[in-house]
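# no FASTA, just this:
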């Protein structure tokens, strides 16, 4: 398939002459489009996505430099641009360089000058294609190898590790024999292949790559069953946590659901990697903190919440069906009731009772949707001793009665 050329020139005679002054087909150009000013040029460029633009500078409505600036913002550097102008001011040439223009030709330009410029342009395009093709080969190879690594750690097939090590070394990818496993999942997601997790992986890989370029960090990241799986070598965890938080910030507001990330204890050999994966996965799927993006580090609580809060949340999630109260939690953690109250308020800006209620109502919704239990049975199963009170509370916070909730979700 040939190249597309867009000629932007306000003078009709010049516009017509440029279409015939050169044998464009000899440069692989088989489609030529014309515009009489910069504004029209932008509209046509958006529509036809030209490979090359040849433009004048001084034109009515919008000049060539304004057009180039806007096109660089819209299309980027994919399109090759040359200027053909009767104005040779230094400032114009300087701005053209800033906008990555291939050449600045002065009118009247000889056909040979235009040909030389287009030889360079075609050479640039071919080089970009070659680089892009090589990158695709590398990326495809990386994806295959990454999938192999993740399959081995998930299924505990470390007997394949030696062969994999040779294959990774052959293509210049790291074989990580000691370090950490990171797992990430969408909190309470029921969606298959959620786009959010793949966005998160892409963004996190970018931040990790930035660290790798300036340090000895090595990482392998991918997905498995809708979860982030990442292996990193022994590196400063604070920097990794910062990269994860930057990834959270990059996607803030784009998705409603939150992401939970777990970081394992360090593994010292490839044989231990499956155990570390299970640790990270358990942390990322415990749903202890469904109200915000969070990072939980094995044996250390989270990057921002205390071990006592995590312990309290664990008790709530595991024993929500019991007659729980602050005194019970305080005794379990060997702290005072007031400590528990202040801990919930200061760390997650809520109360113990509201947290317990949220967990109970979330579990109640899950049980109601199974269709296996009656409403009164669900009420008792999640810690309510009275069906009527359960119905009142359910309607207050969920917006409908349990019976209506079932009907709405079965419609």
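Arrived safely, thanks for sending. Not measured: the values here are computed from a predicted model.
# going forward, measure contacts and count neighbours with C-alpha atoms only.
Noted.
# Could you measure from the closest residue to residue 255 other than its chain neighbours over to residue 248?
Of all residues not flanking residue 255 in the chain, residue 196 sits nearest, at 7.0 Å (Cα to Cα, 6 or more residues apart in numbering). Between residue 196 and residue 248 the computed distance is 11 Å (Cα to Cα, to the nearest Å).
# ranges for the strands of the stretch 251-400 of the chain?
259-263, 294-297, 301-302 (DSSP state E, counting those that start in this stretch).
# Comparing those, which comes out most buried?
With neighbours taken as mean count of other Cα atoms under 10 Å, the strands of the stretch 251-400 of the chain reach their highest mean count in strand 259-263, at a mean of 27.
# Given that strand, what are its sheet partners and their directions?
When pairing is defined by DSSP bridges, strand 259-263 lines up against strand 179-186 (antiparallel), strand 294-297 (parallel).
# From the opening residue of stretch 185-198 to its closing one, how far?
10 Å.
# quick one: average pLDDT of it?
The average pLDDT for stretch 185-198 rounds to 77.
# same question, stretch 392-406
Rounded mean pLDDT across stretch 392-406 is 91.
# quick one: buried residues of it?
Across stretch 392-406, burial judged by 16 or more other Cα atoms under 10 Å covers 393-394, 400-402, 405-406.
# check contacts around residue 337.
By Cα atoms under 8 Å, 6 or more residues apart in numbering, the contact set of residue 337 is 326-327, 330.
# Which residue ranges of the stretch 1-150 of the chain form strands?
3-8, 29-35, 52-55, 80-85, 103-106.
# now the ones you listed in TSV, with mean neighbour count, distance to residue 297 and mean pLDDT?
Shown next, in TSV, are those (neighbours: other Cα atoms under 10 Å; distance: least, Cα to Cα, whole Å; pLDDT from 0 to 100):
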stretch	mean neighbour count	distance to residue 297	mean pLDDT
strand 3-8	23	53	92
strand 29-35	17	57	91
strand 52-55	25	51	91
strand 80-85	22	48	87
strand 103-106	20	55	83
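# Out of these, flag the one nearest residue 243.
For residue 243, the closest of the strands of the stretch 1-150 of the chain is strand 80-85, at 34.9 Å, according to Cα to Cα.
# Which of the buried residues of stretch 392-406 fall within helices?
393-394, 402, 405-406 (DSSP state H).
# Rebuild the strands of the stretch 251-400 of the chain as JSON lines, extending it with distance to residue 238 and mean pLDDT.
Shown next, in JSON lines, are those (distance: least, Cα to Cα, whole Å; pLDDT from 0 to 100):
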{"stretch": "strand 259-263", "distance to residue 238": "12", "mean pLDDT": "90"}
{"stretch": "strand 294-297", "distance to residue 238": "11", "mean pLDDT": "85"}
{"stretch": "strand 301-302", "distance to residue 238": "12", "mean pLDDT": "56"}
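# who wins for proximity to residue 200 among these?
Across the strands of the stretch 251-400 of the chain, closest to residue 200 is strand 259-263 (Cα to Cα), at 8.8 Å.
# contacts for the closest one?
180-187, 197, 248, 279-285, 287, 289-290, 292-298.
# can you tell me how far residue 242 sits from residue 365?
Taken as Cα to Cα, the span from residue 242 to residue 365 is 35 Å.
# now do residue 330
28 Å.
# and if you look at residue 175?
Residue 175 is 44 Å from residue 365, by Cα to Cα.
# And residue 111, by the same measure?
75 Å.
# which of these two has more neighbours?
residue 365 (16 against 13; other Cα atoms under 10 Å).
# ok, the closest residue to residue 314 other than its chain neighbours - contacts?
In this structure, residue 314 finds its nearest non-sequential neighbour in residue 288, 6.8 Å apart by Cα to Cα, 6+ apart. Counting by Cα under 8 Å, 6+ apart, residue 288 touches 310, 313-314, 317.
# Let's see that with 10 Å instead.
Neighbour list for residue 288: 187, 260, 294, 296, 309-317, 359 [criterion: Cα atoms under 10 Å, 6 or more residues apart in numbering].
# do residue 10 as well
Here residue 10 is in contact with 34-38, 55-60, 63 (Cα under 10 Å, 6+ apart).
# Now render the residues you listed as CSV, adding distance to residue 234.
Shown next, in CSV, are these (distance: Cα to Cα, whole Å):
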residue, distance to residue 234
34, 58
35, 58
36, 60
37, 57
38, 54
55, 54
56, 56
57, 55
58, 58
59, 59
60, 61
63, 55
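# Filter those residues down to just the buried residues.
The buried subset of those - by 16+ other Cα under 10 Å - is 34-38, 55-59, 63.
# Now name the helix or strand holding the residue nearest the centre of the chain.
The chain has residue 199 as the residue nearest its centroid, 2.6 Å off, counting by Cα atoms, centre = their mean. Under the criterion DSSP states H and E, the helix or strand holding residue 199 is helix 195-214.
# Quick one, which of the contacts of residue 337 are buried?
326, 330.
# What about the contacts of residue 337, which are in helices?
326-327, 330.
# Would you mind listing the residues in contact with residue 14?
Taking Cα under 10 Å, 6+ apart as the definition, contacts of residue 14 comprise 21, 56, 108.
# wait, which of the residues you listed is closest to residue 380?
residue 56 (77.8 Å).
# Alright, that wraps it up for me.
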